[in-house]
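>>> I would like the atomic coordinates for the input below:
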Amino acid sequence: MRVVCLRHGATEGNVVGRFNGPDDPLTVPEREYLSAARFDATPFDAVYCSPYRRAVETAQCLRVPRWMPEPRIVERRFGIFEGLTAAECAARYPDAFAQFRAFDADYAMPNGESRAQNFARVVDWVREAAVAQRVLAITHGGTIDFLYRLAAGIALHGGDRIYSGDNATLAIFDIDWPNVRLVDFDAPLDVG
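Next comes the predicted model:
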């Protein structure tokens, strides 16, 4: 199965480095950029979209004609960190943020979700989506990070960075679960 992950367009939170919540909208310039892009979703057998506002707006701006809302590909729930920058998290919640920054599999910040929980959701979705040959997922950096790590042979947890690609870019994977191969990463949309 080929999975094309489209990371949602940029939000104000992305621009200033804040952890997004479910209802954060795209910026006005990002909506204009995406509306000018040429993106053809017709070759896909299945199109999934995170129900978070920024992903739905990305699909709408690109005029993706049909998609299934898919809660398993939403971003990790960041709990007490939502709406805050990294500096604000470190100042308000120094111990919790230090644990979070370690990319530990089992650490869940208060009111949030662990990386292991996030990964389990993504795997469940990949296994179910495997009935299709060409899949489009309008998703978030966390989903892309896990698939990238699997393809690159990088540990699922730990390290010092997230492999999410830029906003409004494509990450393409060939998946024959549990084997994941990276085809392209951080590929730009075709803008007219």
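>>> Longest strand of the protein, counting residues only.
Secondary structure of the chain per DSSP state E: the longest strand is strand 179-188.
>>> Contacts for it next, please.
Applying Cβ atoms under 8 Å, 6 or more residues apart in numbering, the contact partners of strand 179-188 are 2, 147-148, 150-152, 163, 165-166, 169-175. Quick note: C-beta positions are derived from backbone N, CA and C, even for glycine.
>>> could you redo the last one with a cut-off of 10 Å?
2-7, 37, 126, 144, 146-153, 163-166, 168-175 (Cβ atoms under 10 Å, 6 or more residues apart in numbering).
>>> Just the mean pLDDT for that strand, thanks.
Mean pLDDT, computed over strand 179-188, is 97.
>>> neighbouring strands for that strand, and are they parallel or not?
According to DSSP bridges, strand 179-188 forms sheet pairs with strand 169-176 (antiparallel).
>>> Now do the partner strand, average pLDDT.
Mean predicted confidence for strand 169-176 is 97.
>>> Relative to the whole chain's centre, how far out is it?
Taking the mean of its C-alpha atoms, strand 169-176 sits 12 Å from the chain's own mean (Cα atoms, centre = their mean, to the nearest Å).
>>> Next one: the residue nearest to residue 160 when sequence neighbours are not counted relative to residue 140, how far apart?
Take residue 160 and drop its neighbours on the chain: the residue closest to it by Cβ to Cβ, 6 or more residues apart in numbering is residue 103, 7.9 Å away. Residue 103 is 16 Å from residue 140, where distance means Cβ to Cβ, to the nearest Å.
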